[in-house]
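> What follows is a protein structure lacking sequence information:
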């Protein structure tokens, strides 16, 4: 699977888990779904930064997009950490914060799958995108292994 396909798959899965998190009202289930979501997003973001953004940063056309993407990841990370620390996951305030997180992620994904992917196809040939996809999946596996240890 090439990098762009792998990222699209991750984006769809993350959006699905976050949607389920927001739709459940039961605190224990919501806590578990959010834990899964946060672990998934953290592995995705760190791997994406290392494999995709680092390479884009080395190009004139991709540098500003990659840097912007990283800043968006930082904002999402901060909000996820805040939501994870909260004990009142069934509260209206938690739900509102999580809804904002969802909007931030949807904006980021839309921009990435549009502008970033269009640029990636121009910058990298198919063989490179295939290798980057393999590297991305391997990097994500490392993050999941670290969490399990």
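Everything's here; your move. No experiment lies behind these values; they were computed from the predicted model shown.
> who are the neighbours in contact with the closest residue to residue 102 other than its chain neighbours?
Spatial nearest neighbour of residue 102, chain neighbours left out: residue 18 (5.4 Å); criterion: C-beta to C-beta, 6 or more residues apart in numbering. Backbone N, C-alpha and C define where each C-beta goes, glycine included. If you count contacts by C-beta atoms under 8 Å, 6 or more residues apart in numbering, residue 18 has them with 37, 98, 101, 102, 105.
> residue boundaries of the helices in this protein?
3-23, 27-48, 54-57, 63-85, 92-111, 117-123, 126-148 (DSSP state H).
> In a markdown table: those helices, plus mean pLDDT.
Listed next are the helices of the chain as a markdown table, based on pLDDT from 0 to 100:
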| stretch | mean pLDDT |
| --- | --- |
| helix 3-23 | 96 |
| helix 27-48 | 95 |
| helix 54-57 | 96 |
| helix 63-85 | 96 |
| helix 92-111 | 95 |
| helix 117-123 | 96 |
| helix 126-148 | 89 |
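> Report the contact partners of residue 47.
Residues in contact with residue 47 (C-beta under 8 Å, 6+ apart) are 136, 139, 140, 143.
> One more: residue 52?
By C-beta under 8 Å, 6+ apart, the contact set of residue 52 is 3, 7, 66, 116, 120, 132, 136.
> For the nearest residue to residue 99 once chain neighbours are set aside, the count of nearby residues, please.
Once flanking residues are discounted, residue 99 sits nearest to residue 22: 6.5 Å by C-beta to C-beta, 6+ apart. Here the number of neighbours of residue 22 (other C-beta atoms under 10 Å) works out to 16.
> that older thread, report the two of the contacts of residue 52 separated the most.
Across these, the longest distance by C-beta to C-beta is 14.6 Å; it joins 66 and 136.
> Please identify which of these two sits among more neighbours.
residue 136 (23 against 20).
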